[in-house]
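> no sequence on hand, only this structure:
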DNA sequence: CATCGTCTTGTGACCGATAACATCATGGAA
DNA sequence: TTCCATGATGTTATCGGTCACAAGACGATG
């Protein structure tokens, strides 16, 4: 019946192969100090018994870490989901396991809340969260285990070294580029529908999408309209953007991500404004659906998956410096011009 | 500097409180057989030292499991992502940790590949994958640890008991309902753009979306057009659906999910067919963006998040029968009529 | 031929918890 | 008063590994 057979351990293999458990451990971990013939015997035994090492025991005993915990924003956000996907992919390739824990944007997490998410003290962590709870987690973990933590943030690779170690895309410049593009099209100014991230003041010189937007506007000598803050959901954005969409003097809106852009597109349509004739809309992130909306969304492509993969590799390097430090592998943010942007009529 | 202090263990607490480590263990696990005064002392020590139990050690020592591994399809699919979100939410509430491992649809996984994803023998698993690799994983794990596994599939709750334990939404009936709705609108027949899942033959009486579609058509005495198979990505769907969209005799298309529906909507637009005047399109899943496309997508709402939460609760129950068996908590699939469907002109 | 370093393998402690069993009071029943 | 069930706590083994160190075999060196 449902009798789960007892798992085979390193001792079983040792007995079967006629060696000590330590020798089995050496073979499993690829130690060079094992005679070829012995190795053969052990490998045969492993094969025969279908032995599979227990990662918990391995980690507990002080072996090298083989798991990461990812503290992330709600995975229904494209950016978080894609970064997580990259981390998982790299981790799986390396034979590591990845745990996830979602940081609730509504909740204020105490230090304890955050630490309680880790399965053990010293567990390696990657934080994917650009908003309040993420920054809080970053702060807490930096204090406790700076060497076993990476945060995916807004800094370009290598810009900051050592705790807190951030890694990410240059949102600021991308925001500026998109804004310049719209101005170049002939728009008087550009309005901004902002994701929650951008609400906090940029700490420690971090460059936000919204910062880049404001900077580009100032550099062009244009007025900087009041930024419209909104939430993470499409529904919230749809509500927030109503005044903007109804104001006929508004001809261009830069949105904090593609979900917001979709909401704006919909709101514009319902308000009877033609896109891009009456109103240009530019998104951020280049989510998979962006290419298939009607009209197709102009947006800024972000290479989240590669950032995620690099975050994992970088963490590994920090945990074990004998593993080479990865080169930054992701592409720069890039404006993808499609159909929602054009010169004002 | 980055000196990670040694973690405080149960022994440290014991020493600090002047009791044995076992007593500390009792307090931590809420055993009733501890004098109130002792409990106080121990709790104080825990607080003071900021002790946090090591889950790895706990599991290794044979304590109750506190982690699940989720084997899932690519999380960029809405259904998988939402189910995962539900699992994580329920798990977090229960103080468990969640590991994820993605099953690559391209790859044929051997039994070993699948087992290698588990951190230890007997690790509780939830499988979210309705396609080939998922079914394979289900088969492998059912053979090894039927009691510590739940698969999220297409069966209604309670329909099958015991290994393999499936749990899910009644896709078949939902597919039939959507089809009947379209026929009721006056369409001669309904075409189907199918997700990969539906390609395999329905094993063991599982009801697919595509099955329900075909059934409804037959019951209405209509011809069942050839099903158009496609991949999981919007881009693939966009290509696959071209012939259908160009065929002016086609007036209604039921799509396997909302991504495919979006691709179809776009393709129809580019082919110069008005939606819903010339062509009705119905999706599946009610992804967040579905309400905000133009025209807004008619689709079948699926309560993935609650299915995920229930899967977790059910797994817990199976692992420890003293935990009550959860009631099925999710809503039935429900047709959401929006703007992409209507009578043929 | 004795000594020593190297290669190979084994032994025992330990990681941080739980489980099973032993021990010691304490208080009510006989 | 004696006995014993019961409650509170301690002791030891164990989970499945790794680590540090010891020990045996062997060829090279002086």
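Received the coordinates, thanks. Predicted model, so just to flag it, every value in this text is computed and none were measured. Numbering: from 1, shown residues only, chains lettered A, B, ... in the order given.

> give me the residue from the stretch 51-200 of chain A nearest chain B.
Nearest residue of the stretch 51-200 of chain A to chain B: residue A:121, at 3.4 Å (CB to the nearest CB). C-betas here are computed from N, CA, C, even on glycine.

> contacts only, for the residue most central in space within chain A.
Centroid check for chain A by CA atoms, centre = their mean gives residue A:83 as the closest residue, at 3.4 Å. Applying CB atoms under 8 Å, 6 or more residues apart in numbering or on different chains, we find residue A:83 in contact with A:72, A:128, A:152, A:304, A:305, A:307, A:308, A:311.

> where is pLDDT lowest across those?
Here the lowest pLDDT out of the contacts of residue A:83 sits on residue A:152, with 89.

> for it, give me its contacts.
Residue A:152 neighbours (CB under 8 Å, 6+ apart): A:83, A:126, A:127, A:128, A:166, A:167, A:168, A:307, A:308, A:311.

> out of these, which sit inside strands?
A:126, A:127, A:128, A:166, A:167, A:168 (DSSP state E).

> could you give the mean pLDDT of stretch A:90-108?
The model assigns stretch A:90-108 a mean pLDDT of 92.

> show the end-to-end separation of that stretch, please.
End-to-end distance for stretch A:90-108: 31 Å, by CA to CA, to the nearest Å.

> please see if that stretch touches chain B.
Yes - contact between stretch A:90-108 and chain B, assessed by CB under 8 Å from any CB of the partner chain, occurs at A:92, A:95, A:97, A:98, A:99, A:100, A:101, A:102.

> and which of those is nearest residue B:245?
Proximity of the residues of stretch A:90-108 next to chain B to residue B:245 (CB to CB) peaks at residue A:92, which lies at 37.4 Å.

> can you give me the neighbour number for the nearest residue to the closest one once chain neighbours are set aside?
Excluding its sequence neighbours, the residue lying closest to residue A:92 (CB to CB, 6 or more residues apart in numbering or on different chains) is residue B:101, at 6.4 Å. Other residues within reach of residue B:101 by the criterion other CB atoms under 10 Å in any protein chain shown amount to 20.

> give me the element residue B:101 is part of.
Residue B:101 is part of strand B:97-102, with elements assigned from DSSP states H and E.

> how many neighbours does the residue nearest to residue A:209 when sequence neighbours are not counted have?
Leaving aside its chain neighbours, residue A:209 sits nearest to residue A:175 (3.9 Å; criterion: CB to CB, 6+ apart). Neighbour count for residue A:175, taken as other CB under 10 Å: 28.

> where's residue A:175 relative to residue B:65, distance?
To residue B:65, residue A:175 is 46 Å away according to CB to CB, to the nearest Å.

> domain boundaries for chain A, per the record?
A:10-53, A:67-169+A:303-319, A:171-302 (automatic domain parsing).

> closest to residue B:16 out of these?
domain A:67-169+A:303-319 (16.7 Å).

> start to end distance for the closest one?
End-to-end for domain A:67-169+A:303-319, by CA to CA: 11 Å.

> same check on stretch A:288-305?
13 Å.

> quick one: that stretch near chain B?
Yes - counting by CB under 8 Å from any CB, chain B has neighbours in stretch A:288-305: A:288, A:289, A:291, A:292, A:293, A:294, A:296.

> buried residues, that stretch. List them.
Residues of stretch A:288-305 classed as buried: A:288-305 (neighbour count, 16 or more other CB atoms under 10 Å in any protein chain shown).

> now swap in stretch A:13-31 and tell me
Buried, per 16+ other CB under 10 Å, within stretch A:13-31: A:13, A:14, A:16, A:17, A:19, A:23, A:24, A:25, A:26, A:27, A:28.

> next: stretch A:67-75.
A:67, A:68, A:69, A:70, A:71, A:72, A:73, A:74, A:75.

> state the pair within those residues that is farthest apart.
Using CB to CB, the buried residues of stretch A:67-75 reach their maximum pairwise distance at A:67 and A:74, which is 22.3 Å.

> measure residue A:23 to DNA strand D for me?
Computed as CB to the nearest atom of the strand, to the nearest Å, the residue A:23 to DNA strand D distance reads 10 Å.

> hmm, residue A:42 and that residue touching each other?
Yes - using CB atoms under 8 Å, residue A:23 makes contact with residue A:42 at a distance of 6.6 Å.

> quick one, what contacts the nearest residue to residue A:286 once chain neighbours are set aside?
Nearest in space to residue A:286, with sequence neighbours left out and distances taken as CB to CB, 6+ apart, is residue A:301 at 3.9 Å. Shown in contact with residue A:301 (CB under 8 Å, 6+ apart): A:285, A:286, A:331, A:333, A:334, A:335, A:336.

> swap the cut-off to 10 Å and go again
Applying CB atoms under 10 Å, 6 or more residues apart in numbering or on different chains, we find residue A:301 in contact with A:174, A:284, A:285, A:286, A:287, A:290, A:331, A:332, A:333, A:334, A:335, A:336.

> same question, residue A:109
Counting by CB under 10 Å, 6+ apart, residue A:109 makes contact with A:71, A:103, A:115, A:116, A:117, A:132, A:133, A:134, A:136, A:137, A:140.

> run a quick neighbour tally on the second one.
Spelled out, that is residue A:103. 23.

> re earlier: just the residues of stretch A:288-305 next to chain B: which has the poorest pLDDT?
Lowest confidence among the residues of stretch A:288-305 next to chain B: residue A:294, with 94.

> ok, and the closest non-adjacent residue to it?
Distances taken as CB to CB, 6+ apart place residue B:269 nearest to residue A:294, at 4.9 Å, with adjacent residues excluded.

> surely that neighbour touches residue B:241?
No - distance between residue B:269 and residue B:241: 11.9 Å, which falls outside the contact criterion (CB atoms under 10 Å).

> neighbouring strands - and their directions - for the lowest-mean-pLDDT helix or strand in chain A?
Least confident helix or strand, chain A: strand A:166-168 with a mean of 73, by mean pLDDT, DSSP states H and E. Paired neighbours of strand A:166-168 in the sheet (DSSP bridges): strand A:149-153 (parallel).

> next, see if stretch A:329-344 gets close to chain B.
No - using CB under 10 Å from any CB of the partner chain, stretch A:329-344 never reaches chain B; the gap is at least 10.9 Å.

> just the buried positions in that stretch, please.
Residues A:330, A:333, A:335, A:336, A:338, A:340, A:341, A:342 are the ones in stretch A:329-344 that count as buried (16+ other CB under 10 Å).

> just stretch A:313-331 next, same as before
A:313, A:314, A:315, A:316, A:318, A:326, A:330.

> between the two ends of it, how far is it?
Start-to-end, stretch A:313-331 (CA to CA) is 16 Å.

> which bits of the stretch 101-250 of chain A sit near DNA strand C?
Taking CB under 7 Å from any atom of the strand, no part of the stretch 101-250 of chain A reaches DNA strand C.

> where does pLDDT dip in the stretch 101-250 of chain A?
By pLDDT under 70, the low-scoring segments of the stretch 101-250 of chain A are A:154-165, A:198-207.
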